[in-house]
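S.K.: Give me the fold of what follows.
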Amino acid sequence: MKATKMAGRKPTLSDKFWLFLHKHDSFAKSCFELRLAAVGGKVWRTEYLIDKLRATQHPDAEDEIGYAMQKAGSYGQTEILRLMADKKCGLTLWRQPQQEQRRFRSKARRDAYMKSAAYRLEQAEIARLQKLNWREIAFLHAVTYDRRDAAAFLLESGVKADIDGGRALLLAASKDFRAMTALLLDKGADPSKNNGEAYHRAVHHDAARMFGEGCLDPLLARPVDLPKQVMEAILTTALKENNLYLPTVEKVLNFALRMTDKADVRPFLALSAVQQNTAVYERLREYQDICDALPLPARQKKSAPPHRPRNKI
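M.R.: Purely as a prediction, here's the structure:
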């Protein structure tokens, strides 16, 4: 504080905050410094602060170390993650950090939020994440920000690629991270989990526009059986976004033929006829003929309603 006065400027809020930490709460100061060191990739400083926090035997020490590990995963600091893995960090269950908890200006706003649907969704998300440990949370953050080296290291350290019902794969596919998607699939991620939601989400984002350029090839190459409604959503999005481009039509229909429940392409037959797109119309007609020739269980036709005799008057 004296240095700021000597420099001829008023003390900033940051100066006051650091002075408060120095005077009142050395544990909070060490936690803050640990996050800065982890994000900045300072290995020796991080190791010193981890040992310092553990020496305090504070009940929140492991959670604060786990939160720093989450930050290191977000920034792709592989060396920091390797250090933390060697020191057995991040094995405790996740708990929402105080820094990320929602704050309100008044009690009225807080009460209104707690009655909303957004609050219920937030609580459901928190309950789901509380089943994971900090190392798995760091992995999800590495996938979210496309930190491939960090994610690959965490997979080697014991994190499963199918974490949280294929959530990591869903994140990578929906954000059009091709290399990350391929990495997760190579490590054993199952795209059929979440009821095919990884496909569903992927084609409803920018990845749909890239369908013909191979961004979803790693997904399409895997044997998976999707529900009929998901497959029809993929057909709708992919074909419309690519304006019935023939190579894309070929790729999507070849994929659709592998499904047990065949999707209905008759709406696209009409669309291609209106556009006078003969090549696409003929390809769609071939697919529909194949579907029509299948036995009834594979086509999943609706059964006729039972015969009901008329009431006698």
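
S.K.: got the residue ranges for the strands in this structure?
M.R.: Assigned by DSSP state E, the chain shows no strands.

S.K.: Where do the domain boundaries of it fall?
M.R.: 23-101+112-159, 161-295 (automatic domain parsing).

S.K.: Select from the ones you listed the stretch with the lowest mean pLDDT.
M.R.: Looking at these, the lowest mean pLDDT belongs to domain 161-295 (a mean of 68).

S.K.: hang on, the earlier thing: any chance of the domains of the chain in TSV, plus mean neighbour count?
M.R.: (C-beta placed from N, C-alpha, C; glycine too.) Output for these, formatted as TSV (neighbours: other CB atoms under 10 Å):
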stretch	mean neighbour count
domain 23-101+112-159	18
domain 161-295	18
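
S.K.: From Gly73, how far out is the closest residue in space to Cys89 that isn't next to it in sequence?
M.R.: Using CB to CB, 6 or more residues apart in numbering and skipping residues adjacent in sequence, the residue nearest Cys89 is Ile65, 5.0 Å away. Distance of Ile65 to Gly73, computed by CB to CB, to the nearest Å: 13 Å.

S.K.: Can you check which residues contact both of those two?
M.R.: Counting by CB atoms under 8 Å, 6 or more residues apart in numbering, Ile65 and Gly73 have no contacts in common.

S.K.: Ser30 against Tyr48, yeah?
M.R.: No. Ser30 is beyond contact range of Tyr48, at 9.8 Å (criterion: CB atoms under 8 Å).

S.K.: shared neighbours, the two?
M.R.: By CB under 8 Å, 6+ apart, Ser30 and Tyr48 have no common neighbours.

S.K.: In contact with the residue nearest to Cys89, which residues are there?
M.R.: Leu34, Ile50, Leu53, Arg54, Met84, Cys89, Gly90, Trp134.

S.K.: try 7 Å this time
M.R.: By CB atoms under 7 Å, 6 or more residues apart in numbering, the contact list for Ile65 reads Leu34, Ile50, Leu53, Cys89.

S.K.: I figured the second one hits Asp86, correct?
M.R.: No. In this structure Ile50 lies outside contact range of Asp86 using CB atoms under 7 Å: 10.4 Å.

S.K.: ends of stretch 142-156, how far apart?
M.R.: End-to-end span of stretch 142-156 (CA to CA, to the nearest Å): 14 Å.

S.K.: what do you get for stretch 138-156?
M.R.: 13 Å.

S.K.: Can you name the residues in contact with that stretch?
M.R.: 69-70, 72-74, 76-78, 81-82, 90, 135, 159, 161, 163, 167-168, 171-172, 177, 179-180, 183, 187.

S.K.: swap the cut-off to 6 Å and go again
M.R.: When contacts are defined by CB atoms under 6 Å, 6 or more residues apart in numbering, stretch 138-156 is touched by residues 69-70, 73-74, 76, 78, 81, 159, 168, 171-172, 177, 179-180, 187.

S.K.: is it true that Val39 touches Lys71?
M.R.: Yes. The criterion here is CB atoms under 6 Å, and Val39 meets it with Lys71 at 5.2 Å.

S.K.: dump the residue contacts of Pro97.
M.R.: Tyr67.
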